[in-house]
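I would like to see how this sequence folds:
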Amino acid sequence: MEKIPLKAATMKTPTTNLLMALGLGLTGVALAGGGIYVGETDDAPGAALLGLLLMAGLMVFAWKTARRQA
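Next up is the predicted model:
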């Protein structure tokens, strides 16, 4: 049985990168929405800020993932 090199087994296509970026972006928006919701209902402005910071961080990761070369 022939072994497949690890790099060949984990190669990502541009479509995979785009889908990963979309998933990260949607996760960031969901976290921001949850943080804002908790911040409004519990009167905790830190939760809203944390949600927005998490969204910004995930958007940066999404951008870097989308721009990654295959």
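
okay, and for this protein, where does confidence drop off?
1-2, 4-12, 69-70 (pLDDT under 70).

For the residue nearest in space to the middle of the chain, which non-adjacent residue is closest in space?
With distances taken as C-alpha atoms, centre = their mean, residue 24 lies nearest the centre of the chain, 2.1 Å away. The shortest distance from residue 24 to any non-neighbouring residue, by C-beta to C-beta, 6 or more residues apart in numbering, is to residue 62 (3.9 Å). For the C-beta atoms, the positions are set from N, CA and C on the backbone; glycine is no exception.

give me every residue that touches the one you found.
By C-beta atoms under 8 Å, 6 or more residues apart in numbering, the contact list for residue 62 reads 20, 21, 22, 24, 25, 28.

The second one: how many residues sit nearby?
Read it as residue 21. Look at residue 21: counted by other C-beta atoms under 10 Å, it has 20 neighbours.

Regarding the residue nearest to it when sequence neighbours are not counted, which helix or strand does it belong to?
Leaving aside its sequence neighbours, residue 21 sits nearest to residue 66 (C-beta to C-beta, 6+ apart; 3.7 Å). Assessed by DSSP states H and E, residue 66 sits inside helix 45-67.

could I have that helix exported to CSV, CA atoms only?
What follows is helix 45-67, C-alpha atoms only, in CSV (Å, rounded to 0.1, in the frame of the first residue of the first chain):
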residue,chain,number,x,y,z
PRO,A,45,-21.8,46.7,27.9
GLY,A,46,-18.6,44.6,28.1
ALA,A,47,-20.4,41.6,26.6
ALA,A,48,-21.4,43.7,23.5
LEU,A,49,-17.8,45.0,23.2
LEU,A,50,-16.4,41.4,23.5
GLY,A,51,-18.8,40.2,20.8
LEU,A,52,-17.8,43.0,18.5
LEU,A,53,-14.1,42.3,19.2
LEU,A,54,-14.6,38.6,18.5
MET,A,55,-16.4,39.5,15.2
ALA,A,56,-13.5,41.8,14.2
GLY,A,57,-10.9,39.1,14.9
LEU,A,58,-12.8,36.4,13.0
MET,A,59,-13.3,38.8,10.1
VAL,A,60,-9.5,39.3,9.9
PHE,A,61,-9.0,35.5,9.9
ALA,A,62,-11.7,35.1,7.3
TRP,A,63,-10.0,37.7,5.1
LYS,A,64,-6.6,36.0,5.4
THR,A,65,-8.2,32.6,4.7
ALA,A,66,-9.9,33.9,1.6
ARG,A,67,-6.7,35.5,0.3
